[in-house]
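A.B. asks: Pasting the sequence and the predicted coordinates here, then a few questions.
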Amino acid sequence: DAGITQSPRYKITETGRQVTLMCHQTWSHSYMFWYRQDLGHGLRLIYYSAAADITDKGEVPDGYVVSRSKTENFPLTLESATRSQTSVYFCASRGDFSYNSPLHFGNGTRLTVT
Amino acid sequence: GENVEQHPSTLSVQEGDSAVIKCTYSDSASNYFPWYKQELGKRPQLIIDIRSNVGEKKDQRIAVTLNKTAKHFSLHITETQPEDSAVYFCAASNMNSGYSTLTFGKGTMLLVS
């Protein structure tokens, strides 16, 4: 479903460059998340946000910055990209933390840092 | 924090056979256990979930069982079909602790041939 979209789908950047991954959702969900997916590690939480201007660190936040000035957008910035940040990044959202509000993922961004 | 272990990492079955994927969790306060399916190149999608007040839940060919005492839960797929081939992730969270995030297992690649 097109409720949560990520851009770009693919990105190649060089070590040391700044890169921003975009995430936009149309459901007005309060909660948004960034995960990275790596072989052998599954899905690991980078940052999450409970509402506009409220963000918190997840399991692997180092090297990443997030912002949430509007409810619908949750960009993830790599301030100085490193090869270890080569990964597939998934944005996700949910309306609340009830049992009836599952986590929905975007299509992902495959990032390669050379 | 919560830690979720998932086994096996790869599972190969013949079409029509059953497949079982097992997960254990560490936090006894966890009370919500969803399973996600991720087809190649696609996003993870929720296929079934179970709450801690239920021991088993079924949805057509898939079922999930939960053993709170042992802190483990399993996904069962019967009569497997080629379209079941995907990576499956289990997850756990405590829905009673404000906004608790999901902790995922490392995934199981299921191959149905």
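C.D. replies: That came in fine, so what should we check first?
A.B. asks: how about the spatially closest residue to residue B:53 that is not a sequence neighbour, what does it touch?
C.D. replies: Leaving aside its chain neighbours, residue B:53 sits nearest to residue B:31 (7.8 Å; criterion: C-beta to C-beta, 6 or more residues apart in numbering or on different chains). Heads up, the C-betas are built off the backbone N, CA and C, glycines and all. Residues near residue B:31 by C-beta atoms under 8 Å, 6 or more residues apart in numbering or on different chains: B:51, B:52, B:53, B:93, B:94, B:95, B:96.
A.B. asks: Please apply the same query to residue A:31.
C.D. replies: Counting by C-beta under 8 Å, 6+ apart, residue A:31 has contacts A:48, A:49, A:50, A:93, A:94, A:95, A:96, A:97, B:99.
A.B. asks: Then the first one would be within a strand, right?
C.D. replies: Yes: counting by DSSP: H, G, I helix; E, B strand; the rest coil, residue A:48 falls inside a strand.
A.B. asks: was I right about it contacting residue B:102?
C.D. replies: No: at 10.1 Å, residue A:48 does not count as touching residue B:102 under the criterion of C-beta atoms under 8 Å.
A.B. asks: Roughly how far does the residue nearest the centre of chain A sit from residue B:42?
C.D. replies: The structure's chain A has its C-alpha centroid closest to residue A:34; by C-alpha atoms, centre = their mean the separation is 2.8 Å. Separation of residue A:34 from residue B:42 (C-beta to C-beta, to the nearest Å): 18 Å.
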